[in-house]
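Peer 1: when you get a sec, could you give me coordinates for this:
(2 chains)
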Amino acid sequence: MSARAICSGWVRPSVMPGFGMTLGFTLAYLGLVVLIPLSAVMFRAAGLGWQDFLALATDSRTLAAVRLSFSTALLAAALNAVFGLLVAWVLVRYSFPGKRVLDAMVDLPFALPTAVAGIALTSLYAGNGWIGQFLEPLGIKVAYAPLGIMVALTFIGLPFVVRTIQPVLHDLDAEIEEAAATLGAGRARTFRKVILPVLSPSLLTGFALACARGVGEYGSVIFIAGNIPHVSEIAPLLIVIRLEEFNYAGATAVAAIMLAISFILLLLINLIQAWSSQRMGRA
Amino acid sequence: MRLSAPPHPTTPGLRRVSPVTERPATRWLLVVTALVFLLFFLLMPLAAVFVEALRMGIGPYFAALVDPDAIAAIKLTLLVAAISVPLNLIFGLCAAWSIAKFQFKGKSLLVTLIDLPFSVSPVIAGLIYVLLFGSSGWFGPWLAGHDIQIVFAVPGIVLATIFVTLPFVARELIPVMQQSGTDDEEAALSLGASGWRTFLKVTLPNIKWGLLYGVLLCNARAMGEFGAVSVVSGHIRSFTNTMPLHVEILYNEYNFAAAFAVASLLAVLALVTLVLKTCLEARGGPGVSSSGRP
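Peer 2: Numbering: from 1, shown residues only, chains lettered A, B, ... in the order given. The predicted model follows:
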């Protein structure tokens, strides 16, 4: 394979061995596990026919679920953009007791199984929970309501924002801040005009990553959401419900919409990264 | 609380009015706000798992863990991880070798495709296998005719787990292998070492920390995956229940103490993962995971 590949010119000749074997295995594995099964959803959706697909996709319960998943993911990602920036800033710039432990703990949402996070957050925010008991008298219902979905997605998305901003903030040259200060800018103005523009590509990337993860999140949300159709039923749950009804067409339609959203977000993330590396290259 | 200025070069006498940091009061306020946020969103959920697990006392806690269904769930979780992690390890090594050591067209597309499972909802990861191998799926009739069960059985759980954990090892290894270049390997090859020997003696020592790091994250996700596994498992107790699914069943039966007891095992796994990860980062230096994604 590699000999032919080299002749056709799409791979640069190299003395390193094993190109044909490793690339062949990579493509076969990726194709069998990811690409062919994923295309099955698209073929199924296409097989429904345009009219049927449109009817299933614009079903009011489907629309409500997709809208809920998308809006809660956006809001949670926005919340994470603010607090994730703050956490990254504090972890990089200041030193305080317990900083190293907290820094490691930021990855907890990656490491903690989502079902565990889901039941833990539900027990905290339920009417008799540690936090819920103080919010309930104020008329704020978190668990078993859309607000709970936001709490769960904020938990899930936090490391995406912190871990994308942290290295950029760490490598930020102190000289540009000194220059701003020399030219008479106050700290707030320096942050707004000098630091934030440098951070904005990574902040946007982190926001988009958190959002992409939030749209598809299932495990941590279903326990806290209450799962009332039209009110607190997320799109991934609707897929599961349709599957349990053996309504494969319905499940496929919701999945196709969600895959489309995921691809758009993925494209957006790649564009942001291309834009930022181009900007950094020029600077 | 002691808050020191950042390590910027400042004249000692001027430290308090340094132009490149905030006033102490502002600093204090920012740190406290961040700590309160982390307390509510990270530390309290973690603490809640252990408090709820031990609410009924130590006896019921252990009783929940040695329950036959719980033991079966633990065994299945270990089995699934023992199959899916090594497979993704081999995939990660092959993908990283071909991507990092060679120049070819379509490479960036391949990297994007490897990352694809991270952008797909875990529920969809389960759904695709039901659509392929379920009773009304593409291969459903054929599988039924040959009496092979994939969906609602262990093979389906393994497949779904492989799907969601596929990128972990590859995306850790690609940057590490790219960084080490091909000079060392080319030297070994020119001295007459075989391809395998070069890989084992030259490449592997260079990438071992990155490899361990990827395996660690892959394993944590493989043992904790819920959404994808939930769709393909069919929730058959003692047969197709992994630990996270067992937690869900117990929780939905209002058996909260037992649910949190099993959940606490998974939380311990998460904490061990975090500790090992921090150790590896200290060892591997900046080469290990500079990526922001899991």
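Peer 1: B:Ala70 reaches B:Val262, doesn't it?
Peer 2: Yes. Counting by C-beta atoms under 8 Å, B:Val262 is a contact partner of B:Ala70 at 5.8 Å. Heads up, the C-betas are built off the backbone N, CA and C, glycines and all.
Peer 1: give the buried residues for the strand or helix carrying B:Leu204.
Peer 2: Using DSSP states H and E, the element containing B:Leu204 is helix B:204-224. For helix B:204-224, burial by neighbour count (16 or more other C-beta atoms under 10 Å in any protein chain shown) applies to B:206-207, B:209-224.
Peer 1: over to stretch A:20-39?
Peer 2: Quick answer for stretch A:20-39 (16+ other C-beta under 10 Å): A:Thr22, A:Leu23, A:Phe25, A:Thr26, A:Leu27, A:Tyr29, A:Leu30, A:Val33, A:Val34, A:Pro37, A:Leu38.
Peer 1: please apply the same query to stretch A:132-144.
Peer 2: A:Gly132, A:Leu135, A:Glu136, A:Lys141, A:Val142, A:Ala143, A:Tyr144.
Peer 1: pick out the most distant pair among these.
Peer 2: A:Leu135 and A:Tyr144 (12.5 Å; C-beta to C-beta).
Peer 1: intersection of neighbour lists for those two?
Peer 2: Shared contacts of A:Leu135 and A:Tyr144, defined by C-beta atoms under 8 Å, 6 or more residues apart in numbering or on different chains, are absent.
Peer 1: run through the chain and note the low-pLDDT ranges.
Peer 2: Defaulting to chain A. A:1-8, A:280-283 (pLDDT under 70).
Peer 1: that was the other one, I meant chain B.
Peer 2: Residues of chain B that meet the criterion pLDDT under 70 lie in B:1-19, B:284-294.
Peer 1: by contact count, what packs against the lengthiest helix in it?
Peer 2: Secondary structure of chain B per DSSP state H: the longest helix is helix B:68-101. With contacts defined as 3 or more C-beta pairs under 8 Å, 6 or more residues apart in numbering or on different chains; DSSP states H and E, the packing partners of helix B:68-101 are helix A:19-30, helix B:107-119, helix B:154-165, helix B:167-180, helix B:204-224, helix B:243-252, helix B:256-284.
Peer 1: and the last one, does that touch chain A?
Peer 2: Yes. Counting by C-beta under 8 Å from any C-beta of the partner chain, chain A has neighbours in helix B:256-284: B:256, B:259-260, B:263, B:266-267, B:269-271, B:273-275, B:277-278.
Peer 1: most neighbours, which of the residues you listed?
Peer 2: With neighbours defined as other C-beta atoms under 10 Å in any protein chain shown, the most crowded of those is B:Ala263; it has 31 neighbours.
Peer 1: the residue nearest to it when sequence neighbours are not counted: which element?
Peer 2: Excluding the flanking residues, the one nearest B:Ala263 by C-beta to C-beta, 6 or more residues apart in numbering or on different chains is A:Val116, at 4.4 Å. Using DSSP H and E, A:Val116 maps to helix A:114-125.
Peer 1: do the helix or strand just after that helix and chain B meet?
Peer 2: Following helix A:114-125 in sequence order, the next helix or strand is helix A:132-135 (DSSP H and E). No. Residues of helix A:132-135 contacting chain B under C-beta under 8 Å from any C-beta: none, with a closest distance of 11.2 Å.
Peer 1: between helix A:114-125 and the next helix or strand after helix A:132-135, find me the angle.
Peer 2: Where DSSP H and E defines the elements, the next helix or strand beyond helix A:132-135 is helix A:146-171. Our comparison of helix A:146-171 with helix A:114-125, counting by axes from the mean of the first three to the mean of the last three C-alpha atoms, to 10 degrees, yields an angle of 110 degrees.
Peer 1: hey, C-alpha coordinates of stretch A:105-119 in CSV?
Peer 2: The C-alpha trace of stretch A:105-119 is given here as CSV (Å, rounded to 0.1, in the frame of the first residue of the first chain):
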residue,chain,number,x,y,z
MET,A,105,-10.2,19.4,41.2
VAL,A,106,-11.3,21.5,38.2
ASP,A,107,-11.1,18.3,36.2
LEU,A,108,-13.5,16.5,38.5
PRO,A,109,-16.4,16.8,36.0
PHE,A,110,-14.3,15.0,33.4
ALA,A,111,-13.5,12.2,35.8
LEU,A,112,-16.7,11.8,37.7
PRO,A,113,-19.2,9.6,35.9
THR,A,114,-22.1,11.7,34.8
ALA,A,115,-24.7,9.5,36.5
VAL,A,116,-22.9,10.1,39.8
ALA,A,117,-22.8,13.9,39.2
GLY,A,118,-26.5,13.8,38.3
ILE,A,119,-27.7,12.1,41.5
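Peer 1: what about A:Gln51, how many residues nearby?
Peer 2: For A:Gln51, using other C-beta under 10 Å, the count is 8.
Peer 1: what does the one 3 residues further on give?
Peer 2: Residues contacting A:Leu54 under the criterion other C-beta under 10 Å number 12.
Peer 1: the residue nearest to B:Ala263 and B:Ala220, how far apart?
Peer 2: Per C-beta to C-beta, to the nearest Å, A:Val116 is found 12 Å from B:Ala220.
Peer 1: swap in A:Gln133?
Peer 2: According to C-beta to C-beta, A:Gln133 stands 32 Å off from B:Ala220.
Peer 1: again with B:Glu22
Peer 2: B:Glu22 is 37 Å from B:Ala220, where distance means C-beta to C-beta.
Peer 1: what's the answer for A:Val33, then?
Peer 2: 20 Å.
Peer 1: same check on B:Gln149?
Peer 2: For B:Gln149, the distance to B:Ala220 - C-beta to C-beta - is 28 Å.
Peer 1: please work out which residue of the stretch 51-200 of chain B is closest to chain A.
Peer 2: Nearest residue of the stretch 51-200 of chain B to chain A, counting by C-beta to the nearest C-beta: B:Ser121, 2.7 Å away.
Peer 1: wait, doesn't that residue sit right on A:Met258?
Peer 2: Yes. Assessed by C-beta under 8 Å, B:Ser121 is found in contact with A:Met258 at 5.8 Å.
Peer 1: which residues do A:Val116 and B:Ala220 both contact?
Peer 2: B:Ala270.
Peer 1: helices and strands around the helix or strand hosting B:Phe62, which ones?
Peer 2: Secondary structure from DSSP H and E places B:Phe62 in helix B:58-66. Helices and strands touching helix B:58-66, by 3+ C-beta pairs under 8 Å, 6+ apart, are helix B:256-284.
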